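>>> Task: produce atomic coordinates for the following.
(3 chains, ligands or ions: 5)
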Amino acid sequence: MLFDLIPFSLLVTVFTIAVIFVGVLTAVAYLTLLERKVSAWVQDRVGPNRTGFDFGQPWLKFLRGFFGLGQPLADGVKFLLKEDVVPGYVDRVFYYLAPMIAVGTALLALAVVSVGDTPVPPVLQTLSANSSSADSPRRVFPATKSELAAMNSTTNLSDVRAGYAQYNNLSTIKFAIAPNVDIGFLFVFAIGGLAVYGIVLGGWSSNNKYSLLGSLRSSAQVISYEIPMGLSVLGVLVMVGSLNLERVVDWQARHGWLIAYQPLAFVLFLTAIFAECNRLPFDLPECEQELVGGYHTEYSSMKFALFFLGEYTHMITTSFLTAALFMGGWHLPWLNDWLSPSMTGNFDLSYLFALLIKLAVFVAKMFVVIALFMLVRWTILRFKFDQLMALAWKGLMPLGLMSLLGVVISRQFMPPGMGQWGFQCAFGLVSLVIVGVVSLLLPTEAPKTVLSISRGRSHSATSAPELASRAS
Amino acid sequence: MATVLVNDIPVDIGDEKLNCIQAAERAGVTIPHYCWHPALSVVASCRMCLVMVGEKKPDGTVAMQPKVVPGCQTPVKDGTVIQTLDPKSTGAQQSTLESLLLNHPLDCPVCDKAGECLLQDYSFQFGKATSRMVDEKNTPPNKPNIGPNISLFTDRCIMCSRCVRFTREVAGTAELHVVQRGNHSEIDVFPGHPIDNKLASNVVDLCPVGALASNDFLYKQRVWNLKTVKSVCTGCSTGCSINLDTNKSVVYRLRPRFNPRAQGHFMCDEGRLGYHNVNSALRFTKPLERTNSGTQAIDWQQSVAKIDQSVRSAAQTDAGKIWFVLSPFLTTEEAWLLASYARSISPFCRIVSGPVPSHGVDDNYPKDRKGNPSTNPVKFTIRAEKCPNRRGIEAVVAHFQKSPATFADLLAACDRGEVAVAFVTSGYSTAFPAWGTETAERLGKAGFLIVHDMLPSALSDAAAIVIPAAAFSEKDGTYINHAGLAQTTEAGCVPQRGARTDGQIYLDLLGRRGLVRAIEIRKEIGKAVPALAALATGELGEHGVFVTARA
Amino acid sequence: MTAIAEKNVTWVKPPRLNLAEQIYLPSVAQGMITTLKHLVKTVTGLNATSTQQYPEQQPVLPPHYRGVHRLNRDEQGRVKCVSCYMCSTACPAHCIDIVAAPSPWPDREKYPETFVIDELRCIYCGMCEQACPVDAIELTTIFSLTGMSREDMMFDKEKLLSVFDQTVKLGTDPVRTRGGRLSVAAEPADAGLTGSSSAQS
Ligand code: SF4
Ligand code: SF4
Ligand code: SF4
Ligand code: SF4
Ligand code: FES
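Ligands and ions are numbered 1, 2, ... in the order given. Take a look at the predicted model:
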């Protein structure tokens, strides 16, 4: 029924896709530069600082340098032009498919990512303003059956059509390819889960033991870490009552950020996305020391770059999720009203300005998460695989359950606002301590480690029979 | 039953007549020595072997002689006590080495002997680290051409006189002498009488230091880069045991390997320097096919297939017109494989031994001083039969060919035009060829001539197919010498640039799979041929085994 | 493969953790602070980076730096090497190839007819320099080595001698090993003619 209502505007969507992809790809390119810069700074180095846009031409000398801003471009050209080595023993079909899947799923997950506020269709705005629930002045979609019924009964269908037509015209800026998807972050998780296929296929089809080990590790790791991740966002779902990302942000704009309510869940979520993105300290699928390069050992040139691209896109997606789920999305405290002028009339400048501010706020929050990714890389050492698994199953899992329990209890018995907040924080802290103590008390058979092996070496001069045989 | 105590280790020497050095060696104790050599007379001139010697009386008391004695000159008997570790012995060793090094230039970095030099080894094990010499060292000039193959680095000589005794006692021609006296002694030859006898290069091996060097090997390689395998010289039917020294599949030198059953301690210069064919750039590396349109290289599979095809199609008309010639340069295993192939085609294929190159008469040493044959007991013989494996080939041919045919029969058949396919193996040394152009022409009349050889010759020019042969240094196998001693050789090199060993080609012809393993084929031969039953063990040991009771 | 005897193995147990360590988060925070400190200090310029702005800024290398090889010349400008193969024997990378020949000069017996070092294969360990009994081969402070092909990087005798000429002319690399006087070839040419060297036995 709703599908009838929404005139699908192909042009707008294609345009949005193009803009977002170009934006994301550029962002990825510059993230690699940032990553290198941050690495350099943390290690008291300078980092890339020469590649500007002079292209080696003396007359463009003034374009040299610029903190190495030309580096991503140079890297891109290098990736394109490098020899594409395909080993003779690979499984061709899957070998070629794997990077495509990796990058495809990563980009697909972006579809529901809205990097800024997505305006609510005007018709629904009026509708929700009129309808019973004062709870949501900016209700985006009918949330319940009764609401839907109310909408259907009170709204003239042609009005709705007209409203959507206006909503979909070009003058309205939407920061998502598919705005208002009801399954929201579930979609991101589902698609993100598929990304591991790219890695598994790449590792398997390479026909190389290192690659295979890398991809096996990856699949085990992703399976393990999706559970604490799911548990931590379940808390969000329970609090907000919707999977729809706009509504999650909306809720936070009104009640305060979820990071404050559920710091424990936030930490769990953060840990889990590190593992999902194969970032240090959980980059076991591609650790250079043991596995050469892990699942992408046999990939070169653009195919390698695609894996790379997929990974960084993954970083962007997950940091978006973190910002949206726990850090209030585009919301900035005390600026809420000012940032949400109602879009009742026509497109105007204040609206555009507000949108840009929100975009900036959202991007800034994502950036904080990404910066965290990069800093953690140089802070925490890589886990061993048994430690990785122990952390997921013995640490994060029980903590996730406890956290969920806390949310449920508070939601049921505590007054909204400060009460829920205080309880959830306290409960989180307590469960952290409990799990810590329990894991300390657990009888662990500490693995013995070899410290040193000494071998008896004997130095002997030329043996007597040898000398004798030479002498005669 | 005589028991000797060496450093308190009892050794039983039976009733052999040994000196202290030999007795100590049985106990695993090295008494350093330079001038003594088991094949030469004892002079006790170097004093390196000084040890304390005494006697254990029947009542258990030990009476040591008051001073050190030369171990090489002191025979042992039951109850002899040898002490190499007491201060007097070690002191004597150190002092001897110090005095030997007084005038020694110590130019080990440029000395060819370095790495296998007994002066180095003994200095390291028995010498002392410093010298008290303050004067200028004697540096007599080098004598680069005391013989066509030999240089003398005079200043490195330690005057052990092994070389002099060798030329007198084994070669008999006595070219080398000690001239001057005391500190100024030198080895030298008389003007106009260079050391050029056929055993001359043995003095290079005998020289415990780097004084005598082989011009052929001089500065070619450092010895520690060489890989040594046990091999057999293919120069004549004496079949001297040798060490084959190679590096990166290039043969650099041959050295005699002591074998009391074959030749003793030495080898002749003909054999020693006769390996150069092996490194020749002219060698075939690819099978060649000669058609009307010219000669072209074909690959191995093709060549094997073509040979097989030509032999089989000829067998369909008359297998009696197919001849296989087994050269006495083949190893017994190769001959066996090729003959088996011939038999697998048809029982009527003819298998003959290749001609045996014979030049002159057996050359016995020692000679007299003028180089003429002498009546002294023979210590070394260079045989007239210039091939290593006549007896092995004959045994194989006799096993397969009941009605005897000869190489002459083949030639006659060629003249009559009755030869459809001739498979001729060769490998003869260029110095002693087995046939001339005339024989080659006659063989060329065969309908289809297959030649298996290393180097181009008149015969290979006439062939329809030429397959490259491997050199003796490139294959494992067994040679049976004039006296029926079967010895194994080891490959020291891989065949040049993609060539294959003869055995491998024959194995491919036979359609047997895998790589050729000489030891397995040897066992096979031993089981199948009663005359060669001694090969059945596979491993023939360092000194080989006699296939017949020794004559 | 022989098994390692149990007595040769030292086993250790990892230490027990306390609660804060078991929870990880405090240590993570600590680490993050360290990381951030470095980051901030580097960005604000409080920490001097050790980066040198090569090539504008050339590195100052210690005299024992191990760069491109050179073959030294003796006083008469002849190659000092006596072709003893000690360097190629010592070389762990097997990158020195020498062909020896009788020397054309009366004061020594052997000289290198060809002497080739594969600078691409070399690991610049300096073993060759240590092994040389006549101080003929030395590593210089030339570190930036480029070539357009692999053949370019096979330094032959002439090239190695030209490195000597170049570095000596520049004064960057004085002859640095004057260790052993082991043989005639190590002596000044006139002493070498008489041939003897002081006792070293
Ligand atoms: S003879 Fe021996 S000790 Fe003398 S220079 Fe040669 S290798 Fe060195
Ligand atoms: S040249 Fe050699 S074998 Fe002859 S005396 Fe001198 S050291 Fe002995
Ligand atoms: S520096 Fe080391 S690796 Fe290089 S040539 Fe010398 S010894 Fe060989
Ligand atoms: S070690 Fe010295 S003298 Fe010997 S070959 Fe090498 S460079 Fe030449
Ligand atoms: S070996 Fe005995 S004195 Fe020379």
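>>> I'd guessed residue A:266 sits against residue A:326; true?
Yes - under the criterion of CB atoms under 8 Å, residue A:266 makes contact with residue A:326 at 4.8 Å. For every residue, glycine as well, the C-beta is placed using N, CA and C.
>>> So for those two, which sits in the more crowded spot?
Neighbour tally, residue A:266 and residue A:326, criterion other CB atoms under 10 Å in any protein chain shown: the higher count belongs to residue A:326, 28 against 23.
>>> quick one, phi/psi of that one?
According to degrees, to the nearest 10, the main-chain angles of residue A:326 amount to phi -120, psi -20.
>>> now residue A:442
phi -50, psi 140.
>>> Where does pLDDT dip in chain C?
C:1-2, C:173-201 (pLDDT under 70).
>>> sec struct for the residue nearest the centre of chain B, please.
Centroid check for chain B by CA atoms, centre = their mean gives residue B:242 as the closest residue, at 2.7 Å. Look at residue B:242: counting by DSSP: H, G, I helix; E, B strand; the rest coil, its state is strand.
>>> before we move on, back to that, what is in contact with residue A:266 and residue A:326 at once?
Common contacts of residue A:266 and residue A:326 (CB atoms under 8 Å, 6 or more residues apart in numbering or on different chains): A:258-259.
>>> For the residue lying closest to residue B:518 once chain neighbours are set aside, list the residues it contacts.
Among residues not flanking residue B:518 along the chain, residue B:476 sits closest, at 3.7 Å (CB to CB, 6 or more residues apart in numbering or on different chains). Counting by CB under 8 Å, 6+ apart, residue B:476 makes contact with B:331, B:333, B:488-491, B:503, B:517-519.
>>> which bits of chain C sit near chain A?
By CB under 8 Å from any CB of the partner chain, the part of chain C that sits against chain A consists of C:4, C:8-14, C:17-19, C:22-23, C:25, C:28, C:31-32, C:34-36, C:38-39, C:41-43, C:47, C:49-51.
>>> Now which of those would you call buried?
Taking 16 or more other CB atoms under 10 Å in any protein chain shown as the criterion, what is buried in these is C:22-23, C:28, C:31-32, C:35, C:38-39, C:41-42.
>>> Out of these, flag the one nearest to residue A:299.
residue C:35 (30.3 Å; CB to CB).
>>> contacting residues for that closest one?
Neighbours of residue C:35 in contact, by CB under 8 Å, 6+ apart: A:42, A:375, A:378-379.
>>> how near is it to ligand 2?
According to CB to the nearest ligand atom, to the nearest Å, residue C:35 and ligand 2 sit 72 Å apart.
>>> how would you label that residue: helix, strand or coil?
Criterion first, three-state DSSP; result for residue C:35: helix.
>>> which non-adjacent residue is nearest it?
Per CB to CB, 6+ apart, closest to residue C:35 is residue A:379, 4.6 Å.
>>> Figure out the helix or strand that the one you found lives in.
For residue A:379, there is no host helix or strand (DSSP states H and E).
>>> My guess is it contacts residue C:37. True?
No - taking contacts as CB under 8 Å, residue A:379 lies outside contact range of residue C:37: 11.2 Å.
>>> which of these two has more neighbours?
residue A:379 (21 against 13).
>>> How confident was the prediction at that one?
Among the per-residue scores, residue A:379 shows a pLDDT of 90.
>>> can you tell me which of the buried ones among the residues of chain C next to chain A are in helices?
C:22-23, C:28, C:31-32, C:35, C:38-39, C:41-42 (DSSP state H).
>>> Would you mark the buried spots in the strand or helix carrying residue B:231?
Assigned by DSSP H and E, residue B:231 falls within strand B:227-232. Residues of strand B:227-232 classed as buried: B:228-232 (neighbour count, 16+ other CB under 10 Å).
>>> which residues sit in contact with the closest residue to residue C:51 other than its chain neighbours?
Spatial nearest neighbour of residue C:51, chain neighbours left out: residue A:46 (4.3 Å); criterion: CB to CB, 6+ apart. Counting by CB under 8 Å, 6+ apart, residue A:46 makes contact with A:40, C:49, C:51.
>>> Would you convert the residues you listed into a markdown table that also reports secondary structure and distance to residue B:424?
Shown next, in a markdown table, are the contacts of residue A:46 (DSSP: H, G, I helix; E, B strand; the rest coil; distance: CB to CB, whole Å):
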| residue | secondary structure | distance to residue B:424 |
| --- | --- | --- |
| A:40 | helix | 75 |
| C:49 | coil | 78 |
| C:51 | coil | 74 |
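>>> quick one: which of these is nearest residue A:388?
For those, the nearest to residue A:388 is residue A:40 (27.9 Å; CB to CB).
>>> Near that closest one, how many other residues are there?
19.
>>> okay, the closest residue to it other than its chain neighbours: pLDDT?
The shortest distance from residue A:40 to any residue other than its chain neighbours is 2.9 Å, reached at residue A:47 (CB to CB, 6+ apart). Note for residue A:47: predicted pLDDT of 84.
>>> Could you do residue A:32 as well?
88.
>>> Confirm it sits in a helix?
Yes - judged by three-state DSSP, residue A:32 forms part of a helix.
>>> who touches it in this structure?
For residue A:32, counting by CB under 8 Å, 6+ apart, the contacting residues are A:71-72, A:75, A:308, A:312.
>>> residue contacts, residue B:297?
B:286-289.
>>> what's the answer for residue A:27, then?
Counted by CB under 8 Å, 6+ apart, residue A:27 has contacts residue A:316.
>>> Figure out the helix or strand that it lives in.
Going by DSSP H and E, residue A:27 is part of helix A:10-42.
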